[in-house]
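Undergrad: Quick one: sequence and predicted model below, then my questions.
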Amino acid sequence: PLTRTRNFYTDRDGLPLLAYDEATAAKMLQQEEFDSYMLVNMVGGKSWRLKNRFVGVFASLNNVLNTEYKTGGYEQSRNVNYTLLKIDFEREKPLFAPKYWFGPGTTYYAHIYYRF
């Protein structure tokens, strides 16, 4: 959030940075939109009554198609002013690039129970 405050474009003395370029700043602060994706999940269960007791099974299979996807992330907040962010942004491999979470591949869960 600090990159969207006055701290981003002002110097330590509170005056605007001389080398501040609004177009470059907009490019560096542009939010990233992830590609859309589709997940297929299967869920099912069955229970049986045996007099006063129950036996059952429940199972789920998630991400059946094993889709690879970005599920979230965050911007680093170590470079909170224009000058520092620009230096890092211009590197071939930025040191403080955004961090992402990726969804797991196919996962499953199975549960068998006996209730008395």
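TA: Noted; the coordinates are in hand.
Undergrad: going forward, measure contacts between C-alpha atoms and count neighbours the same way
TA: OK.
Undergrad: The residue nearest to the spatial centre of the chain sits in which helix or strand?
TA: Against the mean C-alpha coordinate of the chain, by CA atoms, centre = their mean, the closest residue is Gly72 at 1.0 Å. Element membership for Gly72, per DSSP states H and E: strand 70-74.
Undergrad: Thr83 too?
TA: Judged by DSSP H and E, Thr83 forms part of helix 82-89.
Undergrad: For the residue nearest to the centre of the chain, which non-adjacent residue is spatially closest?
TA: Among residues not flanking Gly72 along the chain, Trp101 sits closest, at 5.2 Å (CA to CA, 6 or more residues apart in numbering).
Undergrad: mind checking how far the helix holding Thr83 is from the chain centre?
TA: 23 Å (CA atoms, centre = their mean, to the nearest Å).
Undergrad: Quick check: beta-bridge partners of Ala110?
TA: Ala110 has these beta-bridge partners by DSSP bridges: Ala59.
Undergrad: Residues contacting the strand holding Gly72, please?
TA: Phe34, Pro98, Lys99, Tyr100, Trp101, Phe102, Gly103 (CA atoms under 8 Å, 6 or more residues apart in numbering).
Undergrad: how much space between the residue nearest to the centre of the chain and Tyr100?
TA: Distance of Gly72 to Tyr100, computed by CA to CA, to the nearest Å: 6 Å.
Undergrad: between the contacts of strand 70-74, which is nearest Leu2?
TA: Checking the contacts of strand 70-74 against Leu2 by CA to CA gives Pro98 as the nearest, at 14.6 Å.
Undergrad: dump the residue contacts of that closest one.
TA: By CA under 8 Å, 6+ apart, the contact list for Pro98 reads Gly73, Tyr74, Glu75, Gln76.
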